[in-house]
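Q: Fold the following for me, if possible:
(one chain, ligands or ions: 1)
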Amino acid sequence: MSDLEKINSIFNAKIDSVKSKDELQNLKTDFFGKNGQITNQFKNLGSLSAEDKKEFASRLNKLKDSLSKQIENKNLEIETQEINEKLKNEKIDVTLPIRSYRQGKIHPVSQVIDEISSIFSEIGFSVAEGPDVETEYNNFTALNTPEDHPARDMHDTFYLDKDKRLLLRTHTSPVQIRTMLNEKPPFKIIVPGRTYRSDSDQTHSPMFHQLEGLHIDKNITMSHLKGCLDYFIKEFFEVKNVKMRFRPSHFPFTEPSAEVDIGYRLENDKIVIGEGDKWLEILGCGMVHPNVLKNVKVDTKKYQGYAFGIGIDRLAMLKYGINDLRAFFETDYRWLSHFGFDPLDVPTNYRGLSK
Ligand code: PHE
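A: Next up is the predicted model:
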């Protein structure tokens, strides 16, 4: 067997077992590299006679072409195989179950704020807002609260500085002051928002929500207040009749002041709002005290009106049958998925009665 035939048969034996690009590269180096078997044969050409050289060179070139071609084919074969393998592994299995996902829910407090805002907007109230961090002046002083009033006590109020100038608002009433200072009468606003008091048990949380109402105009009387609240309660609880009772009370910023109870009865341990011989306190209200109007430079000879403050969380608990206030703010997803509202399917019938 000549040298070239030997090389050819060694190559043939080797190329059959090549499985990867790396192996193919090694084979290529073995034959065509610097010291490769084919390369070395070319180096030998110089030592041959002119005649032998011609004949040998022709055979060597043929062999070189044949081996190169085989390497090229092998390369193609490996690439095709790699692509097929990839396609096989990336096949999408449409029968696999979908990945689990969680849909967000609207918190009952947000839901109730939306409902309330919508109900009051029907009778001409617009929504105002104010900051949670308030000045002592807006929260107490401008609202005619005496220096020694118990509500100012450190036990009830979260003060933010030593001088007691800044605090977390204890009610939404300071937004009355902000609105009346910044705008001109008449005023007809509601103010939903967070409020803070140092209190915590099953029905009190240190952070809770209130809804303030303020209506100041010429000739506004207590009967407007009554009519407004009567309308609101019926709309909110979606009932035709509501028994309501005004109990004399005291707030520094209203005179006269009242607390409002609504009638209810229990049916299989469930509260039914409207009728019945039991009473539930739901808000504080009154005619805005002239001192408050004077503090914000509203002419008390021309203008007067009413204000009220409702506990929003309480309303949400009553309407949607939630017993423990604290659960509202524990951010437990299981609780929210039970009591929360589907963003795409919120109750819309709360507008029902007036329609
Ligand atoms: N701000 C009072 C409270 O927090 C409620 C209230 C508001 C009473 C407006 C009268 C008028 O209890």
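
Q: tell me the pLDDT at the closest residue in space to G276 that isn't next to it in sequence?
A: Leaving aside its sequence neighbours, G276 sits nearest to R265 (Cβ to Cβ, 6 or more residues apart in numbering; 2.7 Å). (Each C-beta comes from the backbone N, C-alpha and C, glycine too.) pLDDT recorded at R265 is 88.

Q: try R351
A: With respect to pLDDT, R351 has a value of 45.

Q: Ok, M154 next?
A: Model confidence at M154, given as pLDDT, is 69.

Q: before we move on, what about Q202?
A: Q202 is assigned 76 on the pLDDT scale.

Q: The closest residue to the ligand within the chain: what secondary structure?
A: Closest residue of the chain to the ligand, Cβ to the nearest ligand atom: G309 (2.7 Å). Of the three states, G309 takes strand according to DSSP: H, G, I helix; E, B strand; the rest coil.

Q: Touching, Q103 and D345? I think so.
A: No: in this structure, Q103 is not within contact of D345 by Cβ atoms under 8 Å, at 10.6 Å.

Q: for the ligand, what are the nearby residues on the stretch 151-300 of the chain?
A: Counting by Cβ under 6 Å from any ligand atom, the residues of the stretch 151-300 of the chain close to the ligand are 171, 173, 212, 251, 254, 284-286.

Q: Let's see if you can find the most crowded of these.
A: The most crowded member of those is S173, carrying 30 neighbours; neighbours defined as other Cβ atoms under 10 Å.

Q: Can you pull the domain assignment for this protein?
A: 3-89, 108-339 (automatic domain parsing).

Q: how about those domains, which one is nearest I98?
A: Closest to I98 of these is domain 108-339 (Cβ to Cβ; 18.5 Å).

Q: ok, back up a step: could you identify which of the domains of the chain is most buried?
A: Among those, domain 108-339 has the highest mean neighbour count (mean count of other Cβ atoms under 10 Å), at a mean of 17.

Q: for the most centrally placed residue in the chain, what are its contacts?
A: The centre of the chain sits closest to G104, judged by Cα atoms, centre = their mean, with a distance of 7.7 Å. Residues in contact with G104, defined by Cβ atoms under 8 Å, 6 or more residues apart in numbering, are P343.

Q: Tell me the pLDDT of it.
A: 87.

Q: That one should be in a strand, yeah?
A: No: applying three-state DSSP, one finds G104 to be coil, outside a strand.

Q: For it, what are phi and psi?
A: Main-chain dihedrals, G104, degrees, to the nearest 10: phi -70, psi 160.

Q: could you measure it against S110, distance?
A: Counting by Cβ to Cβ, to the nearest Å, the gap from G104 to S110 is 11 Å.

Q: And S2, by the same measure?
A: 92 Å.

Q: circling back to that earlier point, so of the residues of the stretch 151-300 of the chain next to the ligand, which ones are in strands?
A: In strands, defined here by DSSP state E, the members of these are 212, 251, 254, 284-286.

Q: gap between D161 and L168?
A: Going from D161 to L168 by Cβ to Cβ gives 12 Å.

Q: ugh, wrong one, I meant K69
A: Where L168 is concerned, K69 sits at a distance of 85 Å (Cβ to Cβ).

Q: cool, L27 as well?
A: 79 Å.

Q: now swap in K243 and tell me
A: Distance of K243 to L168, computed by Cβ to Cβ: 35 Å.

Q: Could you check the domains of the chain and tell me which one is nearest T95?
A: Closest to T95 of the domains of the chain, according to Cβ to Cβ: domain 3-89, at 16.9 Å.
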